[in-house]
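J.: next come a sequence and a model predicted from it.
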Amino acid sequence: IATIAPLGGLLGTVTGMIQVFQQITVYGAGDPTIMAGGISQALMTTVLGITVAIPTIFMHTVVKSRADNIIHILEEQATGMIAEKAERLAAG
């Protein structure tokens, strides 16, 4: 989601700007209200994409950090268990 949301925002930006240029081609650049709709669409989709991406990336970072900590603990415990087993086998 964190990767796709900004791409969706970018797609909306490009679509909005295409609308603006099409309207300029048809009506000319004299009336800014004609262009405002396309520019507004372009900016809103960009904002929405970034708004979704930021918390998603943050949550991914938090969850990954917790998972890495759990993995580290499990690796230490597994190493300890293997060492214990090796000591028991060596002792006899």
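T.: Cool, the structure landed.

J.: remind me which residues of this structure are low pLDDT?
T.: Per-residue confidence of the chain (counting by pLDDT under 70) places no residue in a weak region.

J.: switch to 90 and redo it
T.: Counting by pLDDT under 90, the chain shows low-confidence ranges at 1-46, 48-50, 91-92.

J.: mind naming the longest helix for this protein?
T.: Among the elements of the chain assigned as helix by DSSP state H, the one spanning the most residues is helix 32-91.

J.: so which elements touch that helix?
T.: Secondary structure elements in contact with helix 32-91, counted by 3 or more C-beta pairs under 8 Å, 6 or more residues apart in numbering; DSSP states H and E, are helix 4-27. Placement of C-beta: from N, CA and C, glycine included.

J.: now do the helix it packs on: distance to the chain's middle.
T.: Mean C-alpha position of helix 4-27 versus that of the full chain (C-alpha atoms, centre = their mean, to the nearest Å) differs by 21 Å.

J.: only alpha carbons, please: show it as CSV.
T.: Extracted as CSV, the C-alpha positions of helix 4-27 are listed here (Å, rounded to 0.1, in the frame of the first residue of the first chain):
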residue,chain,number,x,y,z
ILE,A,4,1.0,1.9,-4.5
ALA,A,5,-0.7,4.9,-2.9
PRO,A,6,1.9,7.5,-4.1
LEU,A,7,1.7,5.9,-7.6
GLY,A,8,-2.1,6.3,-7.5
GLY,A,9,-1.5,9.9,-6.5
LEU,A,10,0.9,10.4,-9.3
LEU,A,11,-1.6,8.9,-11.8
GLY,A,12,-4.2,11.3,-10.6
THR,A,13,-1.7,14.2,-10.9
VAL,A,14,-0.9,13.2,-14.5
THR,A,15,-4.6,12.7,-15.3
GLY,A,16,-5.5,16.1,-13.9
MET,A,17,-2.7,17.9,-15.8
ILE,A,18,-3.8,16.2,-19.0
GLN,A,19,-7.3,17.6,-18.4
VAL,A,20,-5.8,21.0,-17.8
PHE,A,21,-3.9,20.9,-21.1
GLN,A,22,-6.9,19.6,-23.0
GLN,A,23,-9.0,22.5,-21.6
ILE,A,24,-6.3,25.0,-22.6
THR,A,25,-6.3,23.6,-26.1
VAL,A,26,-10.0,23.9,-26.4
TYR,A,27,-10.7,27.1,-24.5
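
J.: that'll do, ta.
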